[in-house]
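**Q** Provided below are the primary sequence and the corresponding predicted coordinates.
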Amino acid sequence: MRSTTTHPTRIKLEGDRRARMLREMEKFFAGELDIELSGFNSERVLDFFVRELGAPVYNQAIRDARGFLADKLDDLDAEFFEPES
């Protein structure tokens, strides 16, 4: 069961990035789904997706970056280790 308490996401789309995403979303809905979104509805849909998908996508990117860096750190020994006399 989902908690009734909402936690605001720290992920925000602002300024030019937000405006570009709204335009692209409106074009997608019109072209692919034949649905014309008003500016108000576009804002609501974008806010929904950021709220619902933002954290999982962001967290997956962090896990991917952590794994990538861990692999590179493991390579340090193989690549640069100098035997001691």
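**A** Perfect, I can see it now. Residues are numbered from 1 along each chain as shown.
**Q** where do the helices sit along this protein?
**A** Using DSSP state H, the helices of the chain run over residues 15-33, 39-80.
**Q** Adding mean pLDDT, write these out as a markdown table.
**A** Converted to a markdown table, the helices of the chain look like this (pLDDT from 0 to 100):
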| stretch | mean pLDDT |
| --- | --- |
| helix 15-33 | 96 |
| helix 39-80 | 91 |
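**Q** Can you add mean neighbour count and give those back as a markdown table?
**A** For every residue, glycine as well, the C-beta is placed using N, CA and C. Converted to a markdown table, the helices of the chain look like this (neighbours: other CB atoms under 10 Å):
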| stretch | mean neighbour count |
| --- | --- |
| helix 15-33 | 12 |
| helix 39-80 | 11 |
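**Q** Leu69 and Arg23, how far apart?
**A** From Leu69 over to Arg23 the distance is 35 Å, taken as CB to CB, to the nearest Å.
**Q** Give me the neighbour count for the nearest residue to Ala30 once chain neighbours are set aside.
**A** Residue nearest to Ala30 in three dimensions, not counting chain neighbours: Glu36, with 5.8 Å by CB to CB, 6 or more residues apart in numbering. Glu36: 9 surrounding residues under other CB atoms under 10 Å.
**Q** doesn't Lys27 make contact with Glu36?
**A** No - using CB atoms under 8 Å, Glu36 is not in contact with Lys27; the gap is 10.8 Å.
**Q** Phi first, then psi, for Phe81.
**A** phi -60, psi 130 (degrees, to the nearest 10).
**Q** Over to Leu13?
**A** Per-residue torsions, Leu13: phi -110, psi 120 (degrees, to the nearest 10).
**Q** I'd assumed Leu46 was in contact with it.
**A** Yes - here Leu13 reaches Leu46: they are 7.1 Å apart, a contact under CB under 8 Å.
**Q** Give me the common contacts of these two.
**A** Taking CB atoms under 8 Å, 6 or more residues apart in numbering as the contact rule, Leu13 and Leu46 both touch Met21.
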